[in-house]
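J.: With the input below, show me the fold.
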Amino acid sequence: MSKVARVARIQKLSPICHRGGVCSLDWMREMRRALGWVSIVVFSCGCSSDYLPLSPTESVTSGQFGGSGRSSLSLEPADGWLPWYWRDWQPGIGERLVPGGTVDTIVEANDVCVSNLRTVWDARSSCRRFVVSVSSPGRLDASLLWDPAAPGFDLSLAGEVVLVAPSGRFASSNWQQVDPQVFALVEPGSYGLLVISYVATSLPFQLTTALSSSGSQ
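T.: Numbers count the residues shown, from 1 in each chain. Next up is the predicted model:
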């Protein structure tokens, strides 16, 4: 039924009320259907199809967060977590890292370490994926250090380190820095760490993690 026809039908139904303010069931049922349809329209308009609610920028709403989309944000959440979720995130996958440890490795060019990386993040991105198991509540920090002397390194395309919760909610460092850092307050669970690069060559990096009580920072 079209919207015009639905409105016309409602107009034809007048509230038949009896003593005591009791109205006919037919009229009340029709009103509930109409209000339910309006609620669905409002809810659908308030959420994007890529599960990024209340996105403040066009680039984020379109489903890609990395690169130029990331640089336009000025959010500084107290707990580190941004108000968005990585679509279809699967936790517990990646190379194991121990909190407090350091790893030296590389991001291979065109390594798509998450299947939907280039639709969720950026079409140019490559990544290296790690997983950190947290056994107690606290603050998880990750510090990334790029090698600016590496062949092909370009600071304007230097990527970020991204921390992803089991639910898919994520925190992200800045990009276009030699030593970006990210943190978030965490509960026990498995957290993903993604090192993301935008250059068309493999790049070496160092990644260090630290877990501390949330009140010690």
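J.: Please parse the protein into its domains.
T.: Domain assignment of the chain by automatic domain parsing yields the ranges 3-46, 74-216.
J.: Which of these has the highest mean neighbour count?
T.: Highest mean neighbour count among those (mean count of other C-beta atoms under 10 Å): domain 74-216, with a mean of 17. Every C-beta, even on glycine, is put in place using the N, C-alpha and C of the backbone.
J.: mind showing which ranges of this protein have poor pLDDT?
T.: For the chain, the stretches with pLDDT under 70 are 1-75, 215-217.
J.: Look up the residues forming beta bridges with the nearest residue to Ser167 once chain neighbours are set aside.
T.: Spatial nearest neighbour of Ser167, excluding adjacent residues (C-beta to C-beta, 6 or more residues apart in numbering): Tyr85 at 6.7 Å. Beta-bridge pairing for Tyr85 (DSSP bridges): Arg169.
J.: Just confirm Tyr85 contacts Gly168, I think it does.
T.: Yes: using C-beta atoms under 8 Å, Tyr85 is in contact with Gly168, at 4.1 Å.
J.: Where do the helices of the chain begin and end?
T.: 3-12, 25-46, 58-61, 68-71, 117-120 (DSSP state H).
J.: related to what we said a few turns ago, gap between the residue nearest to Ser167 and Arg139?
T.: Tyr85 is 21 Å from Arg139, where distance means C-beta to C-beta, to the nearest Å.
J.: Also Thr209?
T.: 11 Å.
J.: Any figure for the gap between Ala200 and Phe153?
T.: For Ala200, the distance to Phe153 - C-beta to C-beta - is 12 Å.
J.: ok, now which ones touch Glu187?
T.: 134, 137 (C-beta atoms under 8 Å, 6 or more residues apart in numbering).
J.: if we go to 7 Å?
T.: The contact partners of Glu187, by C-beta atoms under 7 Å, 6 or more residues apart in numbering, come to Pro137.
J.: ok, it to Gly159 distance?
T.: 27 Å.
J.: One more: Trp81?
T.: 20 Å.
J.: Please apply the same query to Ser214.
T.: With C-beta to C-beta as the criterion, Ser214 and Gly159 are 27 Å apart.
J.: which ones are touching Cys127?
T.: Neighbours of Cys127 in contact, by C-beta under 7 Å, 6+ apart: 107, 111, 113-114, 117, 194-196.
J.: hmm, try it at 8 Å
T.: Taking C-beta under 8 Å, 6+ apart, one finds 107, 111-114, 117, 121, 194-197 in contact with Cys127.
J.: Next: Arg118.
T.: Under the criterion of C-beta under 8 Å, 6+ apart, the neighbours of Arg118 are 112, 124-125.
J.: for Gln206, same thing?
T.: 102-104, 144-145, 147.
J.: doesn't Pro99 make contact with Leu211?
T.: Yes: when contacts are counted by C-beta under 8 Å, Leu211 is listed as touching Pro99 (3.7 Å).
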